[in-house]
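Undergrad: Would you be able to build a 3D model of this:
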Amino acid sequence: MAWRDLYFYWRDRHVDGRPPRRADIDPPIDIPKLLPNLVIYDRIDGDFRVKLAGSEVVRRGGRDATGRKLNQDMATYEGMITLIEFLDRIFETGTPVIYSVARSDAGAFGAIGLLLPLSGAEGTVEMVLGGIFYRQTRTGIPAEPWTPGALTELSLSHMLEENMEAFR
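TA: Numbering: from 1, shown residues only. Alright, predicted model coming up:
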């Protein structure tokens, strides 16, 4: 599970119980296979910005959002309001979020997303390391009512436990 690899990479770089700083991680060297799926978000003057978007995120999203601010008026992405809420909460609490992404249409695949805080020099959240990992297979028939592109928060502890079963 690629999202799990990203989570353990991030967790292994904690220092004295605090999330790693941006300087504490080096994804191109440490986790190069995950680079296409990574996104880094920061906050400037209260707005969130995509600091970096990986090539698979760009390809699947149909545009390169690197350098763009996120806002609720981005009509091309149904989950934008929810994503902004997740990022707000991470900046406030410093806790990670895992979520599922509903398929964008009846023929497309969904994804698992992970948002992980990165600390600043004073220990507060400065950036968020994200990963969007697309499913390789179709997963059933869309639920009714079905909101394409919607984000649904999952329980990180449940997802970790469920995925650990596969490794036993």
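
Undergrad: Output the longest helix belonging to the chain.
TA: The longest helix of the chain (DSSP state H) is helix 80-93.

Undergrad: Give me the buried stretch members for it, please.
TA: Judged by neighbour count (16 or more other CB atoms under 10 Å), helix 80-93 contains these buried residues: 80, 82-84, 86-87, 90-91. Bear in mind the C-beta positions are built from the backbone N, C-alpha and C, glycine included.

Undergrad: Then stretch 122-131?
TA: For stretch 122-131, by 16+ other CB under 10 Å, it's 125-131.

Undergrad: pLDDT-wise, what's the bottom of the buried residues of helix 80-93?
TA: Minimum pLDDT for the buried residues of helix 80-93 is recorded at Met80 (83).

Undergrad: hang on, it packs against Ala65?
TA: No - using CB atoms under 8 Å, Met80 makes no contact with Ala65, being 10.6 Å away.

Undergrad: circling back: for my notes, please list the buried residues of helix 80-93 in a markdown table and give distance to Val97 for each entry.
TA: Shown next, in a markdown table, are the buried residues of helix 80-93 (distance: CB to CB, whole Å):
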| residue | distance to Val97 |
| --- | --- |
| Met80 | 15 |
| Thr82 | 10 |
| Leu83 | 10 |
| Ile84 | 12 |
| Phe86 | 5 |
| Leu87 | 9 |
| Ile90 | 6 |
| Phe91 | 11 |
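
Undergrad: Going along the chain, name the helices of the chain.
TA: Going by DSSP H, the chain shows helices at 2-12, 27-30, 55-61, 80-93, 156-165.

Undergrad: Including distance to Ala121, could those go into a markdown table?
TA: Listed next are the helices of the chain as a markdown table, based on distance: least, CB to CB, whole Å:
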| stretch | distance to Ala121 |
| --- | --- |
| helix 2-12 | 18 |
| helix 27-30 | 20 |
| helix 55-61 | 28 |
| helix 80-93 | 15 |
| helix 156-165 | 26 |
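
Undergrad: Quick one: closest of those helices to Ala111.
TA: Comparison of the helices of the chain against Ala111 by CB to CB identifies helix 55-61 as nearest, at 7.9 Å.
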